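Participant: predicted model, plus sequence, below.
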Amino acid sequence: MGVLVVGSVAFDSVKTPFGEARDILGGAATYFSLAASFFTEVSLVGVVGSDFTDEHVQVLSGKGIDLRGLERVPGKTFRWAGEYSYDLNNRTTLDTQLNVFATFKPRVIPEYQALEYVFLGNIDPALQRDVLRQIKRPKLVGLDTMNYWIEGHLPSLHETLKRVDLLIINDSETRQLTQEHNLLKAARRVQQLGPKTLVIKRGEYGVLLYHAGHWFSAPAFPLEEVFDPTGAGDTFAGGLMGYLAAADSQTPADLKKAIVFGSVLASFTVEEFGVQRLARLTYPEITERYRQFKALTHFEDIPT
Ligand code: AMP
């Protein structure tokens, strides 16, 4: 099973306490696609401007990502700039230039309409619904959103959430969306809004999964070198959805594996600026870190 992703393809300028990079390839759909491509075929719906070069295309198409749904229009590609504080958990957005993204109307080309695994990246909830209307029979719809849409477009977001199976958001967004501080209670409220499965991203503290009345918790993989957290969330979502699409399964066991694959992929992304580490990652490196992750979180039962 392949996966369809809609979201931003961008040029990012990033400053962390350890360095700086300007106008590097980024965007939610970029990170998602690169991560998911380790598991399944990926079809990308997005838009770029005339400044998007063949070299940028090659980073994605070289991994077999289907770019027939990536429109190239006159103008400049979406640009985002951000800065991280010393603990890397706090990010300030310095600049957002929508450019060609401002008039983006996602078009799902006929070749993509039968895809069953769909990830709606962080865009206007009305556009997310437009995408869903163009998909014939989705089996699993995942969604990301952000405080901007929760604050300013809540009724529209609620409408979209009715059609979503898997919500992947961070802890502060979960609290904001549900008006509930306690994440355990917030998860039940999310289910009332539509998604039966909730994945709460907690940055360097890991991830919580709520599904079928049960919780699962995974830490972030401990790393000595963290350079740039940009894209960690989208990489995580790509690994998670990519694995589920490949397994064509949503059992609790596969959801847990998907969470760990997502966490493993994200741990590579943050090791270097932008997509550099992800772009040269190999599958054996992923499986090796998956096993290290298992050892990290394993503990024995107590004697009866
Ligand atoms: P993450 O660190 O996982 O939250 O993802 C960061 C990526 O999201 C960057 O590569 C940005 O280009 C992209 N991004 C930032 N702001 C927006 C926005 N308002 N809409 C869409 N994508 C964005």
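Facilitator: Perfect, I can see it now.

Participant: hey, let's count contacts and neighbours off CA atoms from now on
Facilitator: Will do.

Participant: nearest the middle, which residue of this protein would you pick?
Facilitator: Taking Cα atoms, centre = their mean as the criterion, residue 234 is the residue nearest the geometric centre of the chain, at 2.5 Å.

Participant: in a strand, that residue, correct?
Facilitator: No: using DSSP: H, G, I helix; E, B strand; the rest coil, the assignment for residue 234 is helix, not a strand.

Participant: how about the secondary structure of residue 287?
Facilitator: Per three-state DSSP, residue 287 ends up helix.

Participant: returning to that earlier point: hmm, the residue nearest to the centre of the chain is touching residue 32, no?
Facilitator: Yes: with contact defined as Cα atoms under 8 Å, residue 234 counts as touching residue 32 (5.0 Å).

Participant: which neighbours do the two share?
Facilitator: Common contacts of residue 234 and residue 32 (Cα atoms under 8 Å, 6 or more residues apart in numbering): none found.

Participant: surely residue 163 is in a helix?
Facilitator: No: looking at residue 163 with three-state DSSP, it is coil, so not inside a helix.

Participant: which residues touch it?
Facilitator: Contacts of residue 163 (Cα under 8 Å, 6+ apart): 141, 194, 195.

Participant: repeat that with 7 Å
Facilitator: Neighbouring residues of residue 163 by Cα atoms under 7 Å, 6 or more residues apart in numbering: residue 194.

Participant: quote the end-to-end distance of stretch 127-147.
Facilitator: By Cα to Cα, to the nearest Å, the extent of stretch 127-147 from end to end equals 17 Å.

Participant: please, which helix or strand holds residue 239?
Facilitator: Assigned by DSSP states H and E, residue 239 falls within helix 232-247.

Participant: please name the nearest non-neighbouring residue to residue 139.
Facilitator: Nearest residue to residue 139, sequence neighbours excluded (Cα to Cα, 6 or more residues apart in numbering): residue 116, at 4.9 Å.

Participant: contact partners for the one you found?
Facilitator: Taking Cα under 7 Å, 6+ apart as the criterion, residue 116 is in contact with 137, 138, 139, 140.

Participant: could you turn the buried ones of the residues you listed into a PyMOL selection?
Facilitator: Buried residues among these (16 or more other Cα atoms under 10 Å), as a PyMOL selection:
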select buried, resi 138+140
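
Participant: out of the contacts of residue 116, which sit inside strands?
Facilitator: residue 140 (DSSP state E).

Participant: JSON lines for the contacts of residue 116, including distance to the ligand and pLDDT?
Facilitator: Putting the contacts of residue 116 into JSON lines (distance: Cα to the nearest ligand atom, whole Å; pLDDT from 0 to 100) gives the following:
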{"residue": "137", "distance to the ligand": "26", "pLDDT": "96"}
{"residue": "138", "distance to the ligand": "23", "pLDDT": "97"}
{"residue": "139", "distance to the ligand": "24", "pLDDT": "97"}
{"residue": "140", "distance to the ligand": "21", "pLDDT": "98"}
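
Participant: possible to save the contacts of residue 116 as TSV with distance to residue 211?
Facilitator: Listed next are the contacts of residue 116 as TSV, based on distance: Cα to Cα, whole Å:
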residue	distance to residue 211
137	22
138	19
139	16
140	14
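
Participant: buried set for stretch 6-19?
Facilitator: By 16+ other Cα under 10 Å, the buried positions in stretch 6-19 come out as 6, 7, 8, 9, 10, 11, 12, 13, 14, 15, 16.

Participant: that older thread, isn't the residue nearest to the centre of the chain right up against residue 30?
Facilitator: No: between residue 234 and residue 30 there is no contact under Cα atoms under 7 Å: 8.3 Å.

Participant: roughly how far is stretch 232-239 from the heart of the chain?
Facilitator: In this view, stretch 232-239 has its centroid 4 Å away from the chain centroid, taken as Cα atoms, centre = their mean, to the nearest Å.

Participant: with only the CA atoms kept, save it in CSV.
Facilitator: Output of stretch 232-239 as CSV, limited to C-alpha atoms (Å, rounded to 0.1, in the frame of the first residue of the first chain):
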residue,chain,number,x,y,z
ALA,A,232,11.5,15.8,13.6
GLY,A,233,7.7,15.8,13.9
ASP,A,234,7.1,15.4,10.2
THR,A,235,9.8,12.7,9.9
PHE,A,236,8.2,10.9,12.8
ALA,A,237,4.8,11.0,11.1
GLY,A,238,6.4,9.8,7.8
GLY,A,239,8.0,6.8,9.5
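
Participant: many thanks, we can stop here.
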